[in-house]
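Peer 1: need the 3D shape of this:
(2 chains)
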Amino acid sequence: MSLQTDSGPSTKGKKDMTVAAEKQGGGVLAFVKKQAQQSLAFGTLIILVVFFSIASPAFLTWPNISGVLLATAVIGILALGTTFVIITGGIDLSIGTGMTLAAVMTGVFIVNIGLPVWLGVLGGVLTGGLMGFVNGVNIAFLRLPPFIATLAMMLIAQGLSLIISGVRPIYFSGIADDFKLIALGTLIPGLPNAVLITIVAALIAFVVLGKTILGRYTFSIGSNEEATRLSGVNTRRWKVMIYTFAGLFTGVAGVVIASRLDSAQPQLGVGYELQAIAAVIIGGTSLLGGRGSILGTVIGALIMSVVINGLRIMSIQTEWQNVVVGIVILIAVYFDTLRNRASA
Amino acid sequence: MKYGRKLAFAAITVAALSVAACSSGDTSGGTSDGSGSGDQPYIALVSKGFQHQFWQAVKQGAEEKAAELGVTVTFDGPASETEVDAQLQMLQTAIDKKPIAIGYASLDPKACIPLYDAAKAAGIPIVEFDAPCDSDYSQNLSATDSKVAGALAAEHMADLIGGSGEVAIVGHSQINSTGVERRDGFVDKIEADYPDIKIVDIQYGDGDHLKSADIAKAMIAAHPNLKGLYGTNEGSAIGVVNAATELGLEPGKLTIIGFDSGAAQINAIKSGLMAGAITQDPIGIGKSVVEAAFKASKGEKLDKFTDTGSFWYDSTNIDDPKIAAVLYQ
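Peer 2: Numbers count the residues shown, from 1 in each chain, chains lettered A, B, ... in the order given. Next up is the predicted model:
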């Protein structure tokens, strides 16, 4: 099933040859090659889980597993949206503070304005979409480099979160007591809803990336934007749509974090974008664009939270935790470049 | 077409700049209508931050005192408490604008020394709040003695868990002085007076609610016999409370001790999720630093240290007027 996600329509000249090779029965080899990064990531995940289970009996207990999954939710949802952006060859640095702005707006809608919860949640999600839309316009129509456009948006979102909230947290308890159930309720006993939301978001991302025209153009723009444009695709408009779509995930993450903390904390969010981007890269999506998968991103996000949780359970010093996470990222990206070299 | 795009870009730039201008006016300009105008005497406060409610409470106290004394204050601080260089720039700017005095809360005790020399050369007195700089030039420090506060937390923890068992700490910083001293005050007290209490783990969540919650959950999983958790600032403490809630622990099963106040922490104490917390007097710190700065500008001699105090509060005394006065929502 992951084969389809991994193979966007390539506009490179090699495409025909590859297709031919696959038809001639080289399918298995091509499949293995294509899956190399994901298998590596998946293998890494398994090894980590085995290692931490041996290192600490507390690791493989249901409360802890559920904790790891919950800890994956926010970063995971951010990473899902960013996967699209990165596959186009872009980057989005505004997702961390953008998530915070979405959380604050959710708070404003529900607590300050008094809208019903579902409408406030919708407003929060759309706030994320709006930021994505502005990013998309700045990048596609004003031709700003994605790094700069989203860096600016990161600062704007951070500032606006503080201004709008008056530099104080917005609390939902007392006004919308069931708001926290969005993330912490348990439709499935023992499993927080935030995890379910993440799974649903991942399925949606998976289908959109693999089965829809938006997904196909995401790959196509990332592989060769000029060729895509010359073949008659309005790449600018599609880029705006891709960024907007990715922004919706930022909005969902904002609602989830606000619900989990039962408050919108306006000073959070800085640094979350880098964790999400790291998860995407570990999952085998190329920073150069044109290649990536949702399954990979999910595994990448899980690797990040398993490593951090495992090190915490082993009582490793916080300073060393950062070092280890950094090394994990280096190794993952190194294998990625190795694979690129092999396929070149 | 091309021209139009340039125009659009210019428009957006202007819009972005005006947003930036508004934001700096709203968040860091404080009450100062005449910030930098030079007509009216003003005191420049350079804080460690402005986003946490603690700093907002300091700012409130500073503004109240300033109104009383008939001066204006500006209140500036970096976006996060790790941005030592950004804070130094703010101090430099403050010196350049020649206020009658500067109040400074140092993020790093060494990096500020050259700027203190510059202020001395410019004849601007400096007083300090919350955390000092390693320089003799400062005339006064208004702060909580954080080690005493940490020890106070340790005493209450020991009482609440019956003098023996495993406890752990979720810290907010292993670098800045409040993080270090609140931890050390706690650790030293436990080691000195309570041989049967074992501190099994100390980790740092940067005061981030989410990170602190995940850390606390990992600690609880790794140490099933854990009896108490101490969070060294508001974000850390709320993280610990959230962890206990998410794990569905019965209130009181784990003794949670927090630091500072804020609505969430006050609610947690009222509902019994948190045993109690240490509070400083941030409004008092703000008042004290402005008063000291005002006196310093008049050339009055000041004591080197003003301990603004720390207090234990729990469900029994939370409504006591003396405690209620130092808590902030």
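Peer 1: chain B: helices as residue ranges?
Peer 2: With DSSP state H as the criterion, chain B has helices at B:2-27, B:53-69, B:84-96, B:113-122, B:146-161, B:177-193, B:209-222, B:234-246, B:263-271, B:282-297, B:321-324.
Peer 1: let me have these in JSON lines, adding mean neighbour count and distance to residue A:187 as columns.
Peer 2: Placement of C-beta: from N, CA and C, glycine included. Shown next, in JSON lines, are the helices of chain B (neighbours: other CB atoms under 10 Å in any protein chain shown; distance: least, CB to CB, whole Å):
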{"stretch": "helix B:2-27", "mean neighbour count": "12", "distance to residue A:187": "40"}
{"stretch": "helix B:53-69", "mean neighbour count": "22", "distance to residue A:187": "34"}
{"stretch": "helix B:84-96", "mean neighbour count": "18", "distance to residue A:187": "45"}
{"stretch": "helix B:113-122", "mean neighbour count": "16", "distance to residue A:187": "56"}
{"stretch": "helix B:146-161", "mean neighbour count": "21", "distance to residue A:187": "36"}
{"stretch": "helix B:177-193", "mean neighbour count": "20", "distance to residue A:187": "39"}
{"stretch": "helix B:209-222", "mean neighbour count": "26", "distance to residue A:187": "21"}
{"stretch": "helix B:234-246", "mean neighbour count": "27", "distance to residue A:187": "16"}
{"stretch": "helix B:263-271", "mean neighbour count": "20", "distance to residue A:187": "25"}
{"stretch": "helix B:282-297", "mean neighbour count": "25", "distance to residue A:187": "42"}
{"stretch": "helix B:321-324", "mean neighbour count": "11", "distance to residue A:187": "41"}
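Peer 1: residue closest to the middle of the chain?
Peer 2: The chain I'm using is chain A. With distances taken as CA atoms, centre = their mean, residue A:79 lies nearest the centre of chain A, 1.0 Å away.
Peer 1: oops, chain B please
Peer 2: residue B:54 (5.2 Å).
Peer 1: how about the contacts made by that residue?
Peer 2: The neighbourhood of residue B:54, defined by CB atoms under 8 Å, 6 or more residues apart in numbering or on different chains, consists of B:233-234, B:260, B:280, B:282, B:328.
Peer 1: measure it to chain A for me?
Peer 2: Distance of residue B:54 to chain A, computed by CB to the nearest CB, to the nearest Å: 11 Å.
Peer 1: just the closest residue of the stretch 201-329 of chain B to chain A, please.
Peer 2: The nearest approach of the stretch 201-329 of chain B to chain A comes at residue B:218, 3.6 Å away (CB to the nearest CB).
Peer 1: can you tell me the helix or strand for the nearest residue to that residue once chain neighbours are set aside?
Peer 2: Leaving aside its sequence neighbours, residue B:218 sits nearest to residue A:312 (CB to CB, 6 or more residues apart in numbering or on different chains; 3.6 Å). For residue A:312, the host element (DSSP states H and E) is helix A:294-313.
Peer 1: would you mark the buried spots in the following helix or strand past that helix?
Peer 2: Sequence-wise, the next helix or strand downstream of helix A:294-313 (DSSP H and E) is helix A:318-343. Within helix A:318-343, the residues scored as buried using 16 or more other CB atoms under 10 Å in any protein chain shown are A:318, A:321, A:325, A:328-329, A:332-333, A:335-336, A:339.
Peer 1: the inter-axis angle of helix A:318-343 versus helix A:294-313?
Peer 2: On the basis of axes from the mean of the first three to the mean of the last three CA atoms, to 10 degrees, helix A:318-343 is oriented at 150 degrees to helix A:294-313.
Peer 1: by contact count, what packs against helix A:318-343?
Peer 2: helix A:27-55, helix A:272-282, helix A:294-313 (3 or more CB pairs under 8 Å, 6 or more residues apart in numbering or on different chains; DSSP states H and E).
Peer 1: export those to TSV and append columns for mean neighbour count and mean pLDDT.
Peer 2: As requested, the helices and strands packed on helix A:318-343 are exported to TSV (neighbours: other CB atoms under 10 Å in any protein chain shown; pLDDT from 0 to 100):
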stretch	mean neighbour count	mean pLDDT
helix A:27-55	16	77
helix A:272-282	25	93
helix A:294-313	25	93
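Peer 1: so, low pLDDT: which residues of the stretch 1-150 of chain B?
Peer 2: Counting by pLDDT under 70, the stretch 1-150 of chain B has low-confidence residues at B:1-39.
Peer 1: listing request: residues of the stretch 201-344 of chain A with sub-threshold pLDDT.
Peer 2: For the stretch 201-344 of chain A, applying pLDDT under 70 flags the ranges A:339-340, A:342-344.
Peer 1: pull up the residues of it that are close to chain B.
Peer 2: By the rule CB under 8 Å from any CB of the partner chain, the part of the stretch 201-344 of chain A lying against chain B is A:257, A:260-263, A:265-268, A:270, A:308-309, A:312-315, A:317-319.
Peer 1: redo that, cut-off 7 Å
Peer 2: A:257, A:261, A:263, A:265-268, A:270, A:309, A:312-313, A:315, A:318 (CB under 7 Å from any CB of the partner chain).
Peer 1: mind putting those residues into CSV with distance to residue B:181?
Peer 2: Shown next, in CSV, are these (distance: CB to CB, whole Å):
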residue, distance to residue B:181
A:257, 31
A:261, 27
A:263, 28
A:265, 25
A:266, 27
A:267, 22
A:268, 25
A:270, 25
A:309, 29
A:312, 24
A:313, 28
A:315, 22
A:318, 18
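Peer 1: now, the most widely separated pair of those?
Peer 2: The span of these, defined through CB to CB, is set by A:266 and A:315 at 32.0 Å.
Peer 1: which of these two has more neighbours?
Peer 2: Taking neighbours as other CB atoms under 10 Å in any protein chain shown, residue A:266 and residue A:315 compare with residue A:266 leading, 25 against 16.
Peer 1: mind checking the SS state of the more buried one?
Peer 2: Using DSSP: H, G, I helix; E, B strand; the rest coil, the structure places residue A:266 in coil.
Peer 1: give the contact list for it.
Peer 2: Shown in contact with residue A:266 (CB atoms under 7 Å, 6 or more residues apart in numbering or on different chains): A:100, A:104, A:161-162, A:165, A:167, A:169, B:51.
Peer 1: one more time with 10 Å
Peer 2: A:97, A:100-101, A:103-104, A:107, A:158, A:160-170, B:51 (CB atoms under 10 Å, 6 or more residues apart in numbering or on different chains).
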